[in-house]
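K.L.:
here is my input, please return the structure:
(one chain, ligands or ions: 2)
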Amino acid sequence: MDGVVDHLADERNKAQFDVEEMKIVWAGSRHVFELSDRIARLVASDPVFRKDNRATLSRKDLFKNTLRKAAHAWKRIIELRLSEEEASKLRFYVDEAAFTDLHWGMFVPAIKGQATEEQQQKWLPLAYKMQIIGCYAQTELGHGSNVQGLETTATFDPQTDEFDIHSPTLTSSKWWPGGLGKVSTHAVVYARLITDGQEHGVHGFIVQLRSLDDHLPLPGITIGDIGMKFGNGAYNTMDNGVTRNGKCVRSNVPRQLIYGTMVFVRQTIVSDASCALSRAVCIATRYSAVRRQFGSQNGGVETQVIDYKTQQNRLFPLLAAAYAFRFVGEWLKWLYTDVTQRLQANDFSTLPEAHACTAGLKSLTTTFTADAIEECRKLCGGHGYLCSSGLPELFAVYVPACTYEGDNVVLLLQVARFLMKTVSQLGSEKKPVGTTAYMGRVEHLMQCRCSVQKAEDWLNPNTILEAFEARTARMSVAVAQKLAQFANPEEGFLELSPNLVEASVAHCQLIVVSKFIEKLQQDIPGKGVKELLGMLCNIYALNILHKHLGDFLSTGSITPKQGSLANDQLRSLYSQVRPNAIALVDAFNYTDHYLGSVLGRYDGNVYPKLYEEAWKDPLNDSVVPDGYHEYIRPLLKNQLRNARL
Ligand SMILES: CC/C=C\C/C=C\C/C=C\CCCC(=O)SCCNC(=O)CCNC(=O)[C@H](O)C(C)(C)COP(=O)(O)OP(=O)(O)OC[C@H]1O[C@@H](n2cnc3c(N)ncnc32)[C@H](O)[C@@H]1OP(=O)(O)O
Ligand SMILES: Cc1cc2nc3c(=O)[nH]c(=O)nc-3n(C[C@H](O)[C@H](O)[C@H](O)COP(=O)(O)OP(=O)(O)OC[C@H]3O[C@@H](n4cnc5c(N)ncnc54)[C@H](O)[C@@H]3O)c2cc1C
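P.N.:
Ligands and ions are numbered 1, 2, ... in the order given. Below is the predicted model of the structure:
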C-alpha cells in the first residue's frame, strides 16, 4: 500500500484480534498461507491473466482467451517447476472456468480412483504431462441424476478384445461434460457394460475422442459445444460438450468404487463454497464500510451502511458461514482421506457415511453460497449490479454448483435414505457412529428441554449443540414414523420427500455447527483470534436457529421465549463483530486481481475507480454511438415532422 491512500485504514485500526494469525487459520497452515500468498501475487502481476475484459468479449474471443491463459499457465508451471500443490493454486487464482478444471479435477481423479494399476501406468503419465487432455463424460441428454438410467452401452467384443461404445438414441448423447466440446482428446465415459449379451450396470471407460495429430474427432464420433450458458462471460469460458460415439478402448472398474470420483469432487466443492462465499462477503463488507447513506446531522458525515443493524443482520451471518464452511471443508477433506485409506484396505464400512456427508454438505453449502452471492449483490445496492462489482459474474459462474455434481435436492434425498436407515437401526446391535453418533442418545434427545433462560445462555456451545441435535433427531424420528405407515416404503419415500429433505438439511446444519465447535476446541494462537471465531460460530448457529425457528418450535426443541432470546443474543454479537468486520475479510488475503471487484478493493478507493472503469466500456469508445445515423437520427427527424403536423 506504499504511497496509496487507504480509505479503510480507520476500519483496520479498530480490529481487536491478530489479523496475521487469522490468515493462517483461514489458510489451514502457515505453509499453505505462504504458498497461496506467493502464487496469488504471481498470477496478479502477470498481464496474460488479466480478467477485467471478460464481460465484453464475444464467446469465441472469450474461449480463445481462456485457451491462451491455460497454455500460459502450463508454461509458467513448467518454467517455474511448480509442485502439484503450487500448480493447483495457480489455476485457482487464474480464476477462469476452463477445460483444465475437468482434466485435473475429474479425469485424473477418475483414473486414479477407478482404473487398474496397469491402466494407471499407461494413462496417468500422459495426463500429468498434458500429452492427453481428458474430461468426465457421464451425463447424457436424457439422464443426469439417474446414473443407472444412462443409455450409452459398452459391448465387449471378444474377437477384437475391444469395447464398442455406442449411443443408440439422441437422448444417450453425452451432454454437458466440461472440456468435451472443443478441447478434450480423451474422456472417462460412463456406459452400461454388456458382455455375452448380459448387462452389468454402469462402468467407466477411457475413450480417445480426437486425433492427437490434427484434433479431428475419431471416426464414428460426433462432437460439439452445447451452446451459450447463463450469464455473459461467466461459465462460457468452458466448452461443455455433446458426443455420439462409435468404437473404443478398454475396461477398468472395481464395482464399489464406480461413484468414487463424485464423492471426491463433492468434497472439493464444499471447500470451494467457502472460497466463493468469502469472496462475495469480502466485496460486500468492504463496500458497506465505504458506502454512506443518511444520518448526517449539521452537515457532518453520513452513516456507513455497515452500521445499520439490518445490513449487519444480512451480512454478518454470511461472513460467519464463510468461516463455518471453511472448517467443515477441512474436516470433510480429512474424512475423504480416511475413507480412501480404508477402501484401499478393502474396508467399506465408512463409505455410506462419506457419501452422505459429501452429498449433504455439497448441497447445503452450494445452495447457501449461491443465495449469499445474490444477497451480497443486493447489499451493495445499485453498484452491485455492475459487472465491475465482480458479483454478477461470480453468481453466474457459481450458481450451477447447485446442479452439477448432483442436483442439490437429489443429493439431500440420498442423505435422507442414510438418516432413515440410521433411525431404523436404533435399538439394534449396530450403534450409530461418526456424524450420526448423536442418534445414539435419541431417547434423551426426544424429551430433553433447552435450559436457556437469558440471552447469554445461548453462548454455551453445549446448549447450542443439544438444541440442534434435538431438532434433527425429532424431525428424523417423526418422518420415520410417518414412513412406517406406508405399506410400500418407496411410495412413502416419494410422498414424504419434502419432510425428508428438511430433516436432511437439519442434519447437515448440525454437522457444520458441530465441526465449528470442534475447531474451537483446538489450540488456536494469536491475540483475540479464538474469541472472534467463537463469535462467528455463535452467529452461524443462532442465525440458522432464527431462520428455521419453525423447526425448533414445532419439534419442541426450544420455546418461543428462547427463540426470542437467541435473536437478542444475535444483535449483541453483531455489535461485537462490527469493529472487526474489515479485518475478518482481510484475513482471506485476497488480492484485488482475484477479487476482480471495484467495490471490494483493498484500499476502499471505490468512486474514482468506478468512474474510471465505466469509461473503459466499449460503448464509450465513441461519443456518438454506432447506429445513430441509421436509427436515432431518423427517429428524431420523424418526431420533428410529426410535431409540425
Ligand atoms: C478440484 C475441482 C473439481 C472439479 C472441477 C471443478 C469444476 C467443474 C465443474 C463442474 C463439474 C461437474 C461434473 C459433473 O457434474 S459430473 C456428473 C455428476 N453427476 C451426478 O452427480 C449424478 C447424481 N446422481 C447420483 O449420484 C446417483 O445416481 C444417485 C442420485 C446417488 C442415485 O443413486 P440410487 O438411485 O440410490 O441408485 P444407485 O445408483 O444404485 O445407488 C445404490 C447405493 O449406492 C449408494 N451410493 C450412491 N451414490 C454413492 C456414492 N457417490 N458413493 C457411495 N455410495 C453411493 C446409495 O446410497 C445406495 O446405497 P444403499 O446402501 O442404500 O444401497
Ligand atoms: C455447468 C455444468 C457443468 C457440468 N459438467 C458436467 C461434466 O463435466 N460431466 C458430466 O457428466 N456432467 C456434467 N454436468 C451435468 C450435471 O452433473 C447434471 O446436470 C446434474 O447431475 C443434474 O442432473 P440433470 O440435469 O439430469 O437434472 P434432473 O435430474 O433432470 O433435474 C431436474 C429437476 O428434477 C428434480 N429431480 C430429479 N430427480 C428427482 C428425484 N428423484 N426426486 C425429486 N426430484 C428430482 C431435480 O431436483 C430438479 O429440480 C454439468 C452440468 C452443469 C450445469
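K.L.:
avg pLDDT for stretch 282-292?
P.N.:
Regarding stretch 282-292, the rounded mean pLDDT is 98.
K.L.:
list the buried ones in it?
P.N.:
282, 283, 284, 285, 286, 287, 288, 289, 290, 291 (16 or more other CB atoms under 10 Å). Just so you know, the C-beta spots here come from the backbone N, C-alpha and C atoms, and that holds for glycine as well.
K.L.:
how about the secondary structure of the second one?
P.N.:
Reduced to three states with DSSP: H, G, I helix; E, B strand; the rest coil, the structure at residue 283 is helix.
K.L.:
name the nearest residue to it, ignoring sequence neighbours.
P.N.:
Closest residue in space to residue 283, ignoring its immediate chain neighbours: residue 600 at 3.3 Å, by CB to CB, 6 or more residues apart in numbering.
K.L.:
the fourth one now?
P.N.:
What sits nearest to residue 285 in space, not counting adjacent residues and going by CB to CB, 6+ apart, is residue 585, at 4.7 Å.
K.L.:
got TSV for the buried residues of stretch 282-292, with distance to ligand 1 too?
P.N.:
Output for the buried residues of stretch 282-292, formatted as TSV (distance: CB to the nearest ligand atom, whole Å):
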residue	distance to ligand 1
282	21
283	22
284	24
285	26
286	27
287	28
288	30
289	32
290	33
291	33
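K.L.:
spatially nearest residue to residue 519 (excluding sequence neighbours)?
P.N.:
residue 327 (4.5 Å).
K.L.:
which strands and helices sit next to the helix or strand harbouring that neighbour?
P.N.:
Secondary structure assigned from DSSP states H and E places residue 327 in helix 309-344. In this structure, helix 309-344 makes packing contacts with helix 260-290, helix 351-379, helix 497-520, helix 529-547, helix 560-577, helix 581-586, judged by 3 or more CB pairs under 8 Å, 6 or more residues apart in numbering; DSSP states H and E.
K.L.:
let me see the mean pLDDT of that helix.
P.N.:
For helix 309-344, the per-residue pLDDT averages 96.
K.L.:
now do the contacts for the closest residue to residue 295 other than its chain neighbours.
P.N.:
Counting by CB to CB, 6+ apart, residue 303 is the residue found nearest to residue 295 once chain neighbours are left out, at 3.4 Å. With contact set as CB atoms under 8 Å, 6 or more residues apart in numbering, residue 303 has these partners: 292, 293, 294, 295, 296.
K.L.:
hang on, the earlier thing: how much does the helix holding residue 327 deviate in direction from helix 260-290?
P.N.:
If you take axes from the mean of the first three to the mean of the last three CA atoms, to 10 degrees, helix 309-344 sits at 160 degrees to helix 260-290.
K.L.:
and helix 309-344 with helix 351-379, angle?
P.N.:
Using the same axes, to 10 degrees: helix 309-344 against helix 351-379 is 160 degrees.
K.L.:
distance from the chain centre to helix 309-344, please.
P.N.:
11 Å (CA atoms, centre = their mean, to the nearest Å).
K.L.:
and the angle for it with helix 560-577?
P.N.:
100 degrees.
K.L.:
are helix 309-344 and ligand 1 in contact anywhere?
P.N.:
No: counting by CB under 6 Å from any ligand atom, ligand 1 has no neighbours in helix 309-344; the shortest distance is 9.3 Å.
K.L.:
in that helix, what's buried?
P.N.:
For helix 309-344, by 16+ other CB under 10 Å, it's 311-312, 314-332, 335-336, 339-340, 343.
K.L.:
swap in stretch 364-378?
P.N.:
364-370, 372-377.
K.L.:
farthest pair in these?
P.N.:
Across these, the longest distance by CB to CB is 21.2 Å; it joins 364 and 377.
K.L.:
wouldn't residue 104 be in contact with residue 88 here?
P.N.:
Yes: assessed by CB atoms under 8 Å, residue 104 is found in contact with residue 88 at 6.9 Å.
K.L.:
same drill for those two, tell me which one is more crowded.
P.N.:
residue 104 (18 against 14; other CB atoms under 10 Å).
K.L.:
contact residues of the stretch 201-350 of the chain facing ligand 2?
P.N.:
Going by CB under 6 Å from any ligand atom, the residues of the stretch 201-350 of the chain near ligand 2 are 235, 240.
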